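Student: Fold the following and give me the result.
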Amino acid sequence: MTSDLTPPVPRGLRIAAAYAWRVIVIAAAAAIVIWLVIQLKLIVIPLLVGILVTALLWPAFAWLLRHRLPRWIAIIVAVLGTLAAVSGLIWLVVWQVSLQWQSVRDRTIEALGEFRQYLIDGPLHLTSAQIDQALVQAWVVIQEQAQLLLSGALAVGSTVGQVAVGALLTLFILLCTLADGGGIWKWTLRLFPRAARRPVDAAARAGWITVVNFARTQLLVASIDAVGIGLGAALLGVPLAIPVAVLVFLGAFIPIVGAVVTGAVAVFLALVYNGPLIAVLMLAVVLGVQQIEGHILQPLLMGAAVKVHPLGVVLVVAGGALVGGIPGALFAVPLAAFVNVFVVYIGSRAWERPHSAMPGEFIWSTVPRTRRTRSMGTKG
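Tutor: Numbers count the residues shown, from 1 in each chain. Coordinates of the predicted model:
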């Protein structure tokens with residue numbers, strides 16, 4: 001009789017409770033995954049870097065395969081070509097810096113001295129003690145923020161040995177994925193239940209295409225940013241224009257954060273070497289290039305490539321930086337793009353529609369599709 005007198009739970013509350021415990025379970029699972037990633041950071045980061053570099057090399061690598069080059073030759077050409085390009089950029093930066101470093105350093109010291117004297121003689125009438133105290137406080141804040149960013153939950157490594165091991169592991173993963181990605185994926189796919197293998201396979205292929213598009217589009221956007229800001233710096237007479245362009249190119253692969261940091265370096269050089277007017281013009285160039293990127297390149301190119309709204313990109317990058325520092329910001333967008341496409345593909349059951357089971361070439365394709373299709377047709 002007591003149960004009959006108990007008022008029924010409202011339907012809305014039952015639905016809310018059902019959603020609530022499911023959200024709690026998902027959050028707990030995500031927390032466990034993040035904890036495992038943090039514990040295995042020295043393995044996870046090289047793995048993600050290797051996959052991202054593979055996506056970056058994949059269009060050129062697939063082009064070599066389509067032109068009937070043996071796979072091992074295509075691997076050598078792609079990897080050595082990339083190492084040569086990166087080494088060339090580094091050499092160019094070192095050469096330019098060595099030529100202009102003395103002049104820039106002397107001019108920077110002189111400009112800082114003039115600014116310090118302006119603070120003392122200008123309208124603020126600060127004392128030397130106040131300036132020194134403010135500099136100490138600013139340096140402490142910069143150190144704290146740098147330590148928070150560089151020593152995040154997913155820091156690359158705290159010693160030179162860890163960085164070296166990570167680099168070698170990344171290179172090994174890159175070679176393995178290019179050489180035998182098919183075998184790796186087939187083994188991974190067997191970990192799923194038999195009924196889930198086909199949808200997982202198709203969804204992963206669609207996600208991989210998105211990651212490849214992200215890497216290719218990011219390379220194009222980074223090149224445009226580097227040319228625009230580097231050319232602007234050269235025309236304005238800002239020193240180290242080529243190193244600034246290279247820095248912009250590399251920093252563009254870290255969304256939001258990279259653009260701000262590299263732009264600030266260009267403006268700082270213009271300020272201390274060329275004066276306030278050129279610094280303002282350099283700031284206008286940086287903002288103009290970033291506006292073109294944000295309002296033209298990103299919506300037209302990156303939006304179509306990763307299928308993630310710009311607001312989602314900002315939030316994902318911010319969350320990735322908070323959780324994992326610089327690596328988190330670097331991997332946030334491609335991971336979010338892959339997960340987004342994967343989930344949508346599974347939820348829409350797209351693999352059941354005609355011509356959807358093979359949405360594109362995947363990393364584990366041993367032979368390019370055009371060649372494979374011709375051989376299959378000949379046998380038939």
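Student: Helices along the stretch 201-350 of the chain, start to end?
Tutor: Listed in chain order, the helices of the stretch 201-350 of the chain (DSSP state H, counting those that start in this stretch) span 241-251, 257-274, 276-292, 303-306, 310-347.
Student: brain fart, the stretch 1-150 of the chain
Tutor: Going by DSSP H, counting those that start in this stretch, the stretch 1-150 of the chain shows helices at 2-5, 11-39, 41-66, 71-121, 128-150.
Student: re the thing from before, looking at the helices of the stretch 201-350 of the chain, which is closest to Ala222?
Tutor: helix 241-251 (4.9 Å; C-beta to C-beta). Bear in mind the C-beta positions are built from the backbone N, C-alpha and C, glycine included.
Student: now that closest one against helix 71-121, angle please.
Tutor: Angle of helix 241-251 versus helix 71-121, following axes from the mean of the first three to the mean of the last three C-alpha atoms, to 10 degrees, is 120 degrees.
Student: Double-check Phe331 against Gly319; I have them as touching.
Tutor: No. Phe331 is not in contact with Gly319 according to C-beta atoms under 8 Å; the separation is 11.5 Å.
Student: of these two, who's got more company?
Tutor: Set Phe331 next to Gly319 and count neighbours by other C-beta atoms under 10 Å: Phe331 wins out with 21 against 14.
Student: Can you tell me, leaving aside adjacent residues, what's nearest to that one?
Tutor: Leu48 (5.2 Å; C-beta to C-beta, 6 or more residues apart in numbering).
Student: so what's the one you found up against?
Tutor: 327, 331, 335 (C-beta atoms under 8 Å, 6 or more residues apart in numbering).
Student: and it, how far is that from Ala179?
Tutor: For Leu48, the distance to Ala179 equals 19 Å [C-beta to C-beta, to the nearest Å].
Student: right, and the helices of the stretch 1-150 of the chain - which one's nearest Tyr273?
Tutor: Using C-beta to C-beta, the helices of the stretch 1-150 of the chain put helix 71-121 closest to Tyr273, at 4.9 Å.
Student: looking just at contacts, which helices and strands does that closest one meet?
Tutor: Applying 3 or more C-beta pairs under 8 Å, 6 or more residues apart in numbering; DSSP states H and E, one finds that helix 71-121 contacts helix 41-66, helix 128-150, helix 160-189, helix 241-251, helix 257-274.
Student: lowest-confidence stretch among those?
Tutor: Here the lowest mean pLDDT among the helices and strands packed on helix 71-121 goes to helix 128-150, at a mean of 72.
Student: Contacts only, for Val212.
Tutor: 55, 58-59.
Student: For Leu124, state which of those is nearest.
Tutor: When the contacts of Val212 are compared against Leu124 (criterion: C-beta to C-beta), the nearest one is Ala55, at 51.7 Å.
Student: excluding its backbone neighbours, what's nearest the closest one?
Tutor: Ala215 (4.1 Å).
Student: ok, so what distance separates that neighbour from Ala74?
Tutor: Taking C-beta to C-beta, one finds Ala215 at 17 Å from Ala74.
Student: Alright, that wraps it up for me.
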